[in-house]
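Need coordinates for the following:
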Amino acid sequence: MSVLAVLDPAVALAHAVVAAVAHLVPTALAIVLFTVAVRLALHPLARAAARGEKARARLAPKVTALRRKHKDRPERLREALAEMYRKEQVSPFAGCLPVLVQIPFFSVMYRLFTTPNDLLDHTLFGVPLGLHVTGAHGAGQWAVFGVLFAGLAAVGVVNFRRARRAAAAATTAQPAPQPGAGLLPYLSFGSVLFAALVPVAAALYLLTAGVWSAAERGWLYRDGAPVPATLPIA
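Modelled structure (predicted):
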């Protein structure tokens, strides 16, 4: 039994909602609308995560200064950091909890669109929603997959550029490079690779969620604050 089987009741509820919407619009559009509705419901968590990220970015120079000041006294450094966060009324983990809370929701979406069910019997421009790219044949099916992958790649480019800018800003604030920091921006293209392993329905979900996430982060950080290099959950 899969570990994700514990999500089956939630998956069944999500299936019922998408199926109900699919009576009014094509199933592919129902998936898009349902994904948007879920992301809209989770928007308050994204706002909380953004506030936490901005708070950590604002305090980054002070953290760097304290690390330099107490680099040979780790216990004193911990006390100084705790005191600073207390005075600033900011948690060092601000922004992390909202992201973690979102994981079960995205796990439900993933299971819904990758586990065989009647929704996957419908089509997107003639391509079955349950079809994997390895089973594609004919110009029409390859064209649909091409558009999905191109869309995911475009979102990846946007996220890649943001991650590179965030990494450059972090290097300016803290010259000592963090292990693996140079590779982090390239993870922006992970959804393109992941889409090659899932059916059309899941790829459509990834594209919708990716576009929403990119636009949402652009809006939340419109005040000029650097978008953090950490990648959002799709």
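
all contacts plus neighbour counts: C-alpha atoms, from now on.
Fine.

buried sites along the host helix or strand of Leu66?
Here Leu66 sits within helix 43-69, counting by DSSP states H and E. For helix 43-69, the buried set under the neighbour-count rule, 16 or more other C-alpha atoms under 10 Å, comprises 45-57, 59, 63, 66-67.

again, but for stretch 127-138
Val127, Pro128, Leu129, Gly130, Leu131, His132, Val133, Ala136.

what's in contact with the lowest-mean-pLDDT helix or strand in the chain?
Among the helical and strand segments of the chain, the one scoring lowest on mean pLDDT, DSSP states H and E is helix 96-114, with a mean of 81. Surrounding helix 96-114, the residues in contact under the criterion C-alpha atoms under 8 Å, 6 or more residues apart in numbering are 4, 7-8, 10-11, 14-15, 42, 45-46, 48-49, 52, 120, 130, 198-199, 201-202, 205, 232-234.

Among the buried residues of stretch 127-138, which are located in strands?
Assignment to strands by DSSP state E places the following of these there: Val127, Pro128.

re the thing from before, between the very next helix or strand once past the helix holding Leu66 and helix 43-69, how many degrees?
Per DSSP H and E, the first helix or strand lying C-terminal to helix 43-69 is helix 74-88. Orientation note: helix 74-88 sits at an angle of 140 degrees relative to helix 43-69 (axes from the mean of the first three to the mean of the last three C-alpha atoms, to 10 degrees).

which strands and helices sit next to helix 74-88?
Other helices and strands packing on helix 74-88, by 3 or more C-alpha pairs under 8 Å, 6 or more residues apart in numbering; DSSP states H and E, are helix 43-69.

could you redo the last one with a cut-off of 7 Å?
Of the remaining helices and strands, none touches helix 74-88 by 3 or more C-alpha pairs under 7 Å, 6 or more residues apart in numbering; DSSP states H and E.

Please list the residues outside it that contact it.
Counting by C-alpha atoms under 7 Å, 6 or more residues apart in numbering, the neighbours of helix 74-88 from elsewhere in the structure are Leu66, Arg67, His70, Ser91, Pro92.

Try it again at 8 Å.
Counting by C-alpha under 8 Å, 6+ apart, Val63, Leu66, Arg67, His70, Lys71, Ser91, Pro92 sit against helix 74-88.

okay, Ala166: pLDDT?
Reported pLDDT at Ala166 in the predicted model: 72.

quick one: it is in a helix?
Yes: under DSSP: H, G, I helix; E, B strand; the rest coil, Ala166 falls within a helix.

and Glu163, how many residues sit next to it?
If you look again at residue 163, you'll see it is Ala, not Glu. Other residues near Ala163 number 25, with proximity taken as other C-alpha atoms under 10 Å.
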